[in-house]
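Chemist: Could you work out the structure for the sequence below:
(chains A and B)
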Amino acid sequence: MKEIIIALLKANLSLPEAEISSTLEVPKDPKLGDFAFPCFNLAKSMKKSPVAIAKDLAGTLKSPDLEKVEAIGPYLNFFLKQDLLGNSVLKEIQKKKEKYGSAKYISEKIMIEYSQANTHKAFHIGHVRGTALGESIARIASFLGGNVIRANYQGDTGMHVAKWIWCYTQYHAKDEIKKDEEWIASIYVDAVKRLTAQPELQAEVDIINKKLEEKSDSKLQALWEKTRQTSLDAFEIIYSELGTRFDEYFFESAVEKRGKEIALELLNKGLATKSEDAVIMDLKEYDLGVWVLLRKDGTVLYSAKDLALAERKFKEFKVKRSLYIVGAAQRLHFYQLFKTLELMKFPEAKKCAYIPVMEVRFPWGKMSSRTGDNVLYSGFKRELVSDAKEELKKRYTLDEPELEKRAFAIAIASLKYFMLRQDVDKNLIFTKEEALSFEGNSGPYLLYSYARARSILEKAKYDPKKKYAISELNAEEKELLVRLGNFPEQVKKSYETLSPNVLANYSYQLAQLFNEFYHKHQVIGSEHEQMRLVLVDCFSIVLRNSLSLLGIPVLEKM
RNA sequence: GCUCCCAUAGCUCAGCCUGGAUAGAGCACCAGGCUUCUAACCUGGGGGUCGCAGGUUCAAAUCCUGUUGGGAGCGCCA
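Modeler: Numbers count the residues shown, from 1 in each chain, chains lettered A, B, ... in the order given. Next comes the predicted model:
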């Protein structure tokens, strides 16, 4: 589409194609045409006012593909012939269906590390944000041709585990060990509470921590293994509900040894240095401060472990690009990691990227999994499902499995969309009122729009093969059409900026346009029934594709 | 003290990368619309010094500098 205009302008102006292409824009108001060319830049070289240039060009530019060219002030506005627009967009969507918007845009092997929940602790809605973000970026990357490996790096050792084991053995030993995130979290919260009240008890925890590290107490070891697995199993249930799966699970214990080796190698090569008996990377000349690899007692830190993990990613998995989707507090750590990998001369280091997961906060401040002043995934999902059931019951009489199925899909759409619709660089202010809302800019609105479209197609016994002609398009049809045609570009943009919220906003705007069209124009029985059915079909395909990239499954009936 | 992120309507946010035509949504508030394809919808209304001050430009919410406020981080936690 755009090429037609570019070619036309190129033939009439002495400007390089690249400049024409970047100047050419889509007007905000569709009434102003399909494309617009601002003439300000031409003013100097042509020694005429932009308004006069636009006016003159409007008179000379002609093409069989154009309805008209109009000068409005300093803008040259192009109106394409409608059947051209309609045919190209609708045909392409109908042909490619679920592949519409996909491309061989990238072909690299990419590893995406995300979620990183710690065992023996809660899976709260902050984790949902990171998990939803990672899953969506993984889907977008593979939609654009990437060979994606989803990785989860979980903290299954450390002080938090010791606290949990201590609290369980001391105060909850009679409790049955449950594959339940909320119960697991409650033990940890109890541990923190008791330790806050009686700090001297920390000595008991330290003993357990040491025994766990040394693997010297077989009873504790067995309890650790059992509870670790229970915790991982509880997470796995959540992952499946959230529509996420991982190809690779990494654990800190598996990279400890190699991490230490790398630190010592760096020391030998003179890249790392000793300072106060610790092994450090001095990155001050890069404004990245000091990065400690080994403690003064020689034990390995998170930093060195991450070096070992990165090395595995490059050497064993041969990834060319590595994305880290991790809490924003760790930003500096990752910049230090990337810089060190670069100094270690890994060519892939330059293609490492860190995507911060900003906090999910209450309006009055941050959530805390230590005190339990937070919102856990499981409990909140239950609330969403229960609310969705109420809404469904108000409207229809459904049997239990169908009610359950719809309510669950609505809950997931609601939660994931709420997490993804916002810019990744911003804290997300969580209020129940907003998160539980099924109206307006929300997941359920999108599902509803999709279900409405599908319902029309079903009632009309829609046959996609039936012939139709693109007639005079009304404003709503045209806007919808233009937006549908814009989807592939939005997918690329969301990948380039690593921002699924681009697609979340796109989905919402698309659904809004559809609902306006739906309200204003009858499809079934209208003069242009087949054309409108095709439009509705294409809308449903594109919305489904877009939501699928967000990791949100649709409902055929809502 | 230094570094990074954020600041747009009463509230929650799009738009910023790649500067252009009256700055857009949702919620809340007010007024309307279901005998017609799902009203979880749609239409209209009020509500904005785009934190502030400079700069670049024909043109700045958008780019640059400074500044204020909020958040996060800064050698042996992860």
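
Chemist: Contacts only, for the closest residue in space to A:Leu80 that isn't next to it in sequence.
Modeler: Nearest residue to A:Leu80, sequence neighbours excluded (C-beta to C-beta, 6 or more residues apart in numbering): A:Asp34, at 4.7 Å. In this view, the C-beta of every residue, glycine as well, is placed from N, C-alpha and C. Residues in contact with A:Asp34 (C-beta atoms under 8 Å, 6 or more residues apart in numbering) are A:1, A:26, A:78-80, A:85, A:482.

Chemist: Mind giving me the packing neighbours of the helix or strand containing A:Lys389?
Modeler: In this structure, A:Lys389 is located in helix A:377-395 according to DSSP states H and E. If contacts are counted by 3 or more C-beta pairs under 8 Å, 6 or more residues apart in numbering; DSSP states H and E, helix A:377-395 sits against helix A:125-143, helix A:181-197, helix A:218-241, helix A:400-420.

Chemist: Apply 10 Å and report the result again.
Modeler: helix A:125-143, helix A:181-197, helix A:218-241, helix A:400-420, helix A:432-435, helix A:443-459 (3 or more C-beta pairs under 10 Å, 6 or more residues apart in numbering; DSSP states H and E).

Chemist: Hey, what's the angle from the first one to helix A:181-197? Just curious.
Modeler: Counting by axes from the mean of the first three to the mean of the last three C-alpha atoms, to 10 degrees, helix A:125-143 points 130 degrees away from the direction of helix A:181-197.

Chemist: can I get the helices and strands packed on helix A:377-395 in JSON lines with distance to RNA strand B and mean pLDDT?
Modeler: Listed next are these as JSON lines, based on distance: least, C-beta to the nearest atom of the strand, whole Å; pLDDT from 0 to 100:
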{"stretch": "helix A:125-143", "distance to RNA strand B": "12", "mean pLDDT": "97"}
{"stretch": "helix A:181-197", "distance to RNA strand B": "14", "mean pLDDT": "92"}
{"stretch": "helix A:218-241", "distance to RNA strand B": "14", "mean pLDDT": "95"}
{"stretch": "helix A:400-420", "distance to RNA strand B": "5", "mean pLDDT": "97"}
{"stretch": "helix A:432-435", "distance to RNA strand B": "6", "mean pLDDT": "93"}
{"stretch": "helix A:443-459", "distance to RNA strand B": "3", "mean pLDDT": "98"}
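
Chemist: can you give me the helices for the stretch 151-300 of chain A?
Modeler: A:159-171, A:181-197, A:202-214, A:218-241, A:252-269 (DSSP state H, counting those that start in this stretch).

Chemist: quick one: average pLDDT of the helix holding A:Lys389?
Modeler: Here helix A:377-395 scores 96 as its mean pLDDT.

Chemist: same check, this time on stretch A:528-544
Modeler: Mean predicted confidence for stretch A:528-544 is 97.

Chemist: how about that stretch against RNA strand B, any contact?
Modeler: No. Shown here: stretch A:528-544 not in contact with RNA strand B (C-beta under 7 Å from any atom of the strand), separated by at least 7.8 Å.

Chemist: Burial check on the closest residue to A:Arg258 other than its chain neighbours, number of neighbours?
Modeler: In space, not counting the residues next to it along the chain, A:Arg258 is nearest to A:Ala308; the distance is 3.9 Å by C-beta to C-beta, 6+ apart. For A:Ala308, the tally of surrounding residues (other C-beta atoms under 10 Å) stands at 22.

Chemist: Show me what counts as buried in the helix or strand harbouring A:Ala308.
Modeler: Assessed by DSSP H and E, A:Ala308 sits inside helix A:302-315. Of the residues in helix A:302-315, A:302-314 count as buried by neighbour count, 16 or more other C-beta atoms under 10 Å.

Chemist: In three-state terms, label the closest residue to RNA strand B within the stretch 401-550 of chain A for me.
Modeler: For the stretch 401-550 of chain A, the residue closest to RNA strand B is A:Gly440, as judged by C-beta to the nearest atom of the strand, at 2.0 Å. Following DSSP: H, G, I helix; E, B strand; the rest coil, A:Gly440 is assigned to coil.

Chemist: Please name the residues that touch it.
Modeler: Listed by C-beta atoms under 10 Å, 6 or more residues apart in numbering, the contact set of A:Gly440 reads A:434, A:508, A:512.

Chemist: what about A:Glu342, distance to RNA strand B?
Modeler: Distance, A:Glu342 to RNA strand B, by C-beta to the nearest atom of the strand, to the nearest Å: 17 Å.

Chemist: For A:Glu527, grab the count of nearby residues.
Modeler: Around A:Glu527 there are 8 residues (other C-beta under 10 Å).

Chemist: Please name the residues that touch it.
Modeler: Per C-beta under 10 Å, 6+ apart, neighbours of A:Glu527: A:Ser471.

Chemist: And it, its phi and psi?
Modeler: Main-chain dihedrals, A:Glu527, degrees, to the nearest 10: phi -60, psi -30.

Chemist: Excluding chain neighbours, give the residue nearest to A:Leu144 in space.
Modeler: Nearest residue to A:Leu144, sequence neighbours excluded (C-beta to C-beta, 6+ apart): A:Tyr105, at 4.0 Å.
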